[in-house]
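Asker: Kindly generate the corresponding structure for this input.
(one chain, ligands or ions: 2)
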Amino acid sequence: MIKEMFVDLLYPRRCPVCDEVMAQGTGLICGRHKELPYVKVPCCMRCGKEIENDYQEYCHDCFVHERHFIRGFPVFNYIEPIKSSILSVKYHNKREYCDFYSREMAKKLMPYMGLLKVDAIIPVPMYSHKKKARGFNQAEVLAKKLGNILGIAVYSDILTRGRETTPQKELDNLERANNIKNAISVNKIPDGMKNVMIVDDIYTTGATIEACAKRLISAGVEKVYFTTVCIGKGR
Ligand SMILES: [Zn+2]
Ligand SMILES: [Zn+2]
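Answerer: Ligands and ions are numbered 1, 2, ... in the order given. So this is what the prediction gives:
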C-alpha cells in the first residue's frame, strides 16, 4: 500500500480515456466520461458490430465474407474518445490503460462465459520484429489481464505471425486478407483445448481475426470466439 502511494506520487495515474492525471483512490477512469461509445444493439450476430436495423442478422462484411469464428464481443465503437486512447496504448506505450480495457472486456463477456465454455484465451500475434521494437504486443497484454480476471489460461505462443509479404497499404481488401492469412501460422493445439477466445485491440475489416480463426479451426479447435476493445464501423 505504501509502495503504491509512493508510485502514485512519482507517476501519477492518468485516466485511460482522456489521459488527464487522476486523483488518488478514484476508479479506473476519471469522472468526466458519463457516456462512452459502447457497442449497442442491434448488432451483427457474427462480429458483434452495431447494425442499423434489427431485421438484419449480419452486417454487410459478415454477410459477404467467410467467417470461421462463431461470435465476436467488441466493447466500444472505434470513435473518440476511445480511438485516441487505444492508439496511445500502441504508440505511446500506455500499456497500463489495458487494466481498464481488459476489465471492460470481462464485463461484456461475463454473461456469456457459462454458455461459451472457453478453455483458452489467445491473443492475436504480432510480427516478432515489431514486438521487439515496441516492447510488447498490446493484444497479449489485454489477453493476460483478461485471463486473470476470468480465470482462464492464456496461450501466447499458439499463433505466430511472420512478416506480411507486401505492405498492407499497397493492397486491396481481398489481397490484404490473403496477405494476413499467409502471415499467420498455428502451432500444435494442446489436448482438450476446444473453445477459444481470440483477443485483439481493434477489429476493422475482420481479416486478421478471420485468419487466426481459420488457422485454429484447421488445427483442431472446435469453436472460436473473439473479443476486441473496439470495432470499426465497416459496412
Ligand atoms: Zn478521463
Ligand atoms: Zn458482422
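
Asker: Touching, residue 46 and residue 58? I think so.
Answerer: Yes. Judged on Cβ atoms under 8 Å, residue 46 makes contact with residue 58 at a distance of 5.3 Å. C-betas here are computed from N, CA, C, even on glycine.

Asker: From ligand 2, how far off is the most centrally placed residue in the chain?
Answerer: Centroid check for the chain by Cα atoms, centre = their mean gives residue 200 as the closest residue, at 2.3 Å. Note on residue 200: its distance to ligand 2, by Cβ to the ion, to the nearest Å, is 15 Å.

Asker: okay, now the domains of the chain?
Answerer: 1-30, 35-231 (automatic domain parsing).

Asker: Could you identify which of these has the lowest mean pLDDT?
Answerer: Among these, domain 1-30 has the lowest mean pLDDT, at a mean of 79.

Asker: winner for burial among the domains of the chain?
Answerer: domain 35-231 (a mean of 17; mean count of other Cβ atoms under 10 Å).

Asker: Next, see if that one gets close to ligand 1.
Answerer: No. Using Cβ under 5 Å from the ion, domain 35-231 never reaches ligand 1; the gap is at least 7.7 Å.

Asker: mind checking the end-to-end distance for that domain?
Answerer: In terms of Cα to Cα, to the nearest Å, the two terminal residues of domain 35-231 are separated by 17 Å.

Asker: Make sure residue 176 is actually in contact with residue 207.
Answerer: Yes. With contacts counted by Cβ under 8 Å, residue 176 reaches residue 207, the gap being 5.8 Å.

Asker: before we move on, the earlier item: the residue nearest to the centre of the chain looks like it's in a helix, true?
Answerer: No. Residue 200 is assigned strand when assessed by DSSP: H, G, I helix; E, B strand; the rest coil, not a helix.

Asker: nearest spatial neighbour of it, skipping sequence neighbours?
Answerer: With sequence-adjacent residues excluded and distances taken as Cβ to Cβ, 6 or more residues apart in numbering, residue 200 is closest to residue 124, at 4.1 Å.
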